[in-house]
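Asker: Take a look and give me a structure for this.
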Amino acid sequence: MWNEASKLPRNIKRFFMLILDSVSFYISFILSLYYVNDSLLVLQNSSIFFFVLLWASSALVFVKLGLYRAVLRYASTETVWAVSLGCVLSAAIYISLATILSYNIEHISVLIYLALCLAFTGGIRVISRAVFSRLHLTVKEIVIVYGAGSAGCQLVKYLENGDEYKVIALVDDDLSKIGTNVVGVKVYSSDSIEKLIKDEEVSKILLAMPSVVAKQKKKILDKLESFPVEVKTVPPLTEIIDRSHTGFELKDIDVEDLLGRQSVTPNHELMRTNISNKVVMVTGAGGSIGSELCRQILKLSPQKIVLFELTEYALYSIDKELKELAVNNALSVEIIPLLGSIQHKKRLVTIMRTFSVDTVYHAAAYKHMPLVENNVAEGVRNNIFGTLFAAQAAIETKVSNFILVSTDKAVRPTNVMGASKRMAELTLQALQNEQSETCFSMVRFGNVLGSSGSVVPLFKRQIKQGGPITLTHPEITRFFMTIPEAAQLVIQAGSMAKGGDVFVLDMGQPVKIKDLATKMVHLSGMEVRDDNNTGDKTIEIVCTGLRPGEKLYEELLIGENVLGTEHQQIMSALEVFLDWSELKVLIDRLDVATHEYDQQAIRDILLEAPTGFTPTDGICDLVWSIKNKKTDLTLVS
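Answerer: Got it, this is the predicted structure:
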């Protein structure tokens, strides 16, 4: 019956509630008279007329107080106060009507009426709410909210009125809160989580601590990882409050939370030095780092941003996003989207001269290691010659600052991508000593979270699909940094350049990729599958073997000569480089070899150059491999 009642249209439910309240008024009225007169015979015509007026007035009061707009299942303390006020006003109307109509009543009758009215009208709502909540409880997930602060309290209030989750406990590390009741829910210590999960069949833990520092959040997540439940996080408190009526989305734990990396507030002066009121050009503007550089640059009020990008859709996307950001934030920055390749020097010179570019952030490169390994000549031409042409164009057009976005794979590279990026660094170092118009610098850092080709989005997709998670080697480790932090540090490092600088970002501690995958599995409420654990809620981690040219460990420094800078997360490395006269000989030979697609010559030159290139595999270029195979077959036949 209650299930059917809960499905009735809202207007019919309101009508039924009005009928129940009317019956409550009537019973309260006759009982208040009966208590005093000890007889129902007092209900004469005058009494009935009196009640009709009382009922009509009281019903109108209840309507005005919004008691028929409230959804019983979501009734809160505000509803209780509204019912109480309505009953008090009804009692006041009782007295007023008695006075106006000269109706003889005793004061005790009014008090009895008020008490009974409160009991009946309030009781109806309490019972209805309890029944409806009980009906919906069977489909609600049982959850624990970690954090009994403002965000946790707002979350409990919101979830209490929803259909998805039932909060059975709050957990907090503040000893003064443990044992107390917050918004009707008891607060426990984190030591109680395991027992609560077992006793209450908890399915999720919701982390409601949006303002906690990164290290503390990592400590909490390390603790929660051991429990067989999914862990979600909530948005900032402002979003919970702003969207309390429309709903907000619980989110997966961000990988940066697992790393516990605390970002340092950027130095505003360093951020502005090469950008404010200047014309800034970003090559590779549609890529992961390039697009974030554009977002950060836009906030620093440049005169113009020149977006240079090879891929049409990537350029369209970042151009559209930046123009919307500029409008929304009332920024008068001219945004210039230009298609082109960094391998076309004349195009670069024309653009830099036409728009009088002051600063170039050179983020355009082929960075996906396996693809460059399979397309050697194109990778070399784009990464080395593209950087050379962009740098020469900058010198020719008198660009003040040119900052190369480099990579930790340039340090003792074992693959062509890393070797090509190290050659790009050598190129800028050599050109720096040949002129004084342009200040060249390069910023070297490791993997960024969420970039194209990053393992993190891949692992998330694989977990959602039920696995398996694939990684190349159980011992492989990598440095990680968020894209916004990396972009900010690139901008700040470039501002400190004196010419030919190799800046290295403090990436924190390296992360074992298998440990990262395991944490992501556990926090999704699953377990890693092994011989002893093969249940439905398990995900297998499969090691596929190192890819050609892939290293187990990445490094950021070639030598030990490193100096600090005015920024605590940026170091300056002193490393070996060649004069332009020496490097140009290698560049010219490399130019011929790439045009002739002579893979062996390309490899020999990269080995000869001071890149530290130590390939772990043979030549992996796909075209060269097929051609060689056909040649070998011809010779054999």
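Asker: So which elements touch the helix or strand harbouring Leu31?
Answerer: According to DSSP states H and E, Leu31 maps onto helix 10-37. Contact here means 3 or more CB pairs under 8 Å, 6 or more residues apart in numbering; DSSP states H and E; on that basis helix 10-37 packs against helix 45-64, helix 107-137. (C-beta placed from N, C-alpha, C; glycine too.)
Asker: for it, which positions count as buried?
Answerer: By 16 or more other CB atoms under 10 Å, the buried positions in helix 10-37 come out as 13, 17, 21, 24-25, 28-34.
Asker: what's the answer for stretch 425-444, then?
Answerer: So for stretch 425-444, counting by 16+ other CB under 10 Å, buried means 425-432, 438-444.
Asker: now, the most widely separated pair of the residues you listed?
Answerer: Thr438 and Arg444 (19.5 Å; CB to CB).
Asker: Give me the three-state assignment for Met352.
Answerer: helix (DSSP: H, G, I helix; E, B strand; the rest coil).
Asker: so how far is Phe355 from the nearest residue in space to it that is not next to it in sequence?
Answerer: Leaving out its chain neighbours, the residue that sits closest to Met352 by CB to CB, 6 or more residues apart in numbering is Thr397, at 4.0 Å. According to CB to CB, to the nearest Å, Thr397 stands 9 Å off from Phe355.
Asker: Just give the number of residues close to Ala91.
Answerer: Using other CB atoms under 10 Å, Ala91 has 22 neighbouring residues.
Asker: Would you mind pointing out the helix or strand it falls in?
Answerer: Per DSSP H and E: helix 77-100 holds Ala91.
Asker: So which elements touch that helix?
Answerer: Contacts defined by 3+ CB pairs under 8 Å, 6+ apart place helix 77-100 against helix 45-64, helix 107-137.
Asker: Including mean pLDDT, mean neighbour count and distance to Lys345, could these go into JSON lines?
Answerer: Shown next, in JSON lines, are the helices and strands packed on helix 77-100 (pLDDT from 0 to 100; neighbours: other CB atoms under 10 Å; distance: least, CB to CB, whole Å):
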{"stretch": "helix 45-64", "mean pLDDT": "75", "mean neighbour count": "16", "distance to Lys345": "77"}
{"stretch": "helix 107-137", "mean pLDDT": "73", "mean neighbour count": "17", "distance to Lys345": "68"}
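Asker: Relative to Ser96, which of these is closest?
Answerer: Ser96 sits nearest to helix 45-64 of all the helices and strands packed on helix 77-100, at 8.7 Å, using CB to CB.
Asker: for the closest one, packing partners?
Answerer: Against helix 45-64 (3+ CB pairs under 8 Å, 6+ apart) you get helix 10-37, helix 77-100.
Asker: how does it look with 10 Å?
Answerer: Judged by 3 or more CB pairs under 10 Å, 6 or more residues apart in numbering; DSSP states H and E, the packing partners of helix 45-64 are helix 10-37, helix 77-100, helix 107-137.
Asker: Could you find the closest non-adjacent residue to Glu309?
Answerer: Leu315 (3.9 Å).
Asker: Wasn't Glu566 part of a helix?
Answerer: No - going by three-state DSSP, the assignment for Glu566 is coil, not a helix.
Asker: Phi first, then psi, for it.
Answerer: phi -70, psi -10 (degrees, to the nearest 10).
Asker: which ones are touching it?
Answerer: 267, 269-270, 492, 495-496 (CB atoms under 10 Å, 6 or more residues apart in numbering).
Asker: Going along the chain, name the strands of the stretch 501-637 of the chain.
Answerer: Remark: strands assigned in the stretch 501-637 of the chain by DSSP state E, counting those that start in this stretch are 501-505, 511-512, 527-528, 538-539, 541-543, 562-564, 570-573.
Asker: quick one, which of the ones you listed is nearest to Lys219?
Answerer: Among the strands of the stretch 501-637 of the chain, the nearest to Lys219 by CB to CB is strand 511-512 (16.2 Å).
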